[in-house]
Structures are given as structure tokens and as C-alpha cells.
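> Give me coordinates for this.
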Amino acid sequence: MSLTIGQALPAREFHFTRESLVRYAGASGDFNAIHYRDDVAKAVGLPGVLAHGMLTMGAAVQSVVDFLGDSGKVLDYQVRFTKPVLVDAAKGATLVVNATVVEIDEEAKIARIDLSATCDDVVVLGKAQVRVSI
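Numbering: from 1, shown residues only. All right, here's what the predicted structure looks like:
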């Protein structure tokens, strides 16, 4: 695989629905009601139901995994959660992910890919960086 600094990977969109959140809760074991009940989310001061942070993080890195064709090439992945992904009961929410190669260490055979993850034009992941084997 050949990567170049500045190379943009294909942009991806991931649509979350309330059903997606329930399915993720079942898979992850995270049944916190803020992820599926508006009344509970609002009672704790949130604007509405939020997508699980790990669901958002996992979807964002999936764009890199799909491009590489092998999840085993991901050596390190870190993000900072900056804003929640609000999932509307009727329309859901769409996470938009862009990825750019920003660093290549030819000797170590490692590249760093930075991710931009937004929902409704709001940045939801900051300092999202993936280190991959090349």
C-alpha cells in the first residue's frame, strides 16, 4: 500500500438511529438510559439522547480500516471527545468522517492519519489520530 503525506482517504458518512443505539447498547453492555431515553437525558442536563462515545469513535476509525482492508494494521488510535452526537428520534444523526495522511515514517513503516469527525457541522472528535502499519 502506498500512502503520501496530504493524501485524503475517501470521506465516509455513518447514520445513527435510535435503533442503532439500542443495538450498540446490547453489543457493548452500555445500557445507560441517556443513550435511548429523552426524559432521562434531559433530567441530567443533556439536550437529548446521545450516541455512545465508543460507537462514535469506532465508526470514525472504520473509514481507515476500510481503506486499509485490515483492522490489524491499526497500531494506535486516540481521540478527544469534544461534543456529543445528538441522535434525534425521527431523523437520527449522521457522522461525517474525513481522514488525511499527515505523517509517514518510512523507516518504521508507520503512518499517522488524522480524522475529522463532525455531526451537523459540529466537530465531535478532536485530536483524532490513527497510527497504522504500512
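> tell me the mean pLDDT for stretch 101-119?
The average pLDDT within stretch 101-119 is 97.
> Return the set of buried residues in that stretch.
With burial defined by 16 or more other C-beta atoms under 10 Å, the residues of stretch 101-119 counted as buried are 101, 104, 110-113, 115-119. Just so you know, the C-beta spots here come from the backbone N, C-alpha and C atoms, and that holds for glycine as well.
> Other residues contacting the helix or strand hosting A128?
Element membership for A128 (DSSP states H and E) is strand 122-133. The contact list for strand 122-133 (C-beta atoms under 8 Å, 6 or more residues apart in numbering) reads 56-57, 60-61, 64, 68, 72-85, 95, 99, 109-118.
> Which secondary structure state is assigned to the closest residue to R112 other than its chain neighbours?
With sequence-adjacent residues excluded and distances taken as C-beta to C-beta, 6 or more residues apart in numbering, R112 is closest to E103, at 4.0 Å. Of the three states, E103 takes strand according to DSSP: H, G, I helix; E, B strand; the rest coil.
> re the thing from before, the strand holding A128: partners in the sheet, and parallel or antiparallel?
The strands beside strand 122-133 in its sheet (DSSP bridges) come out as strand 74-81 (antiparallel), strand 110-119 (antiparallel).
> How far does that strand sit from its chain's centre?
8 Å (C-alpha atoms, centre = their mean, to the nearest Å).
> so S71 sits right up against G58, yeah?
No. Contact criterion C-beta atoms under 8 Å: S71 and G58 do not qualify, at 10.7 Å.
> contact partners of stretch 93-102?
Counting by C-beta under 8 Å, 6+ apart, 3-9, 11-16, 51, 56, 59-60, 63-64, 67, 85-87, 111-120, 124, 130 sit against stretch 93-102.
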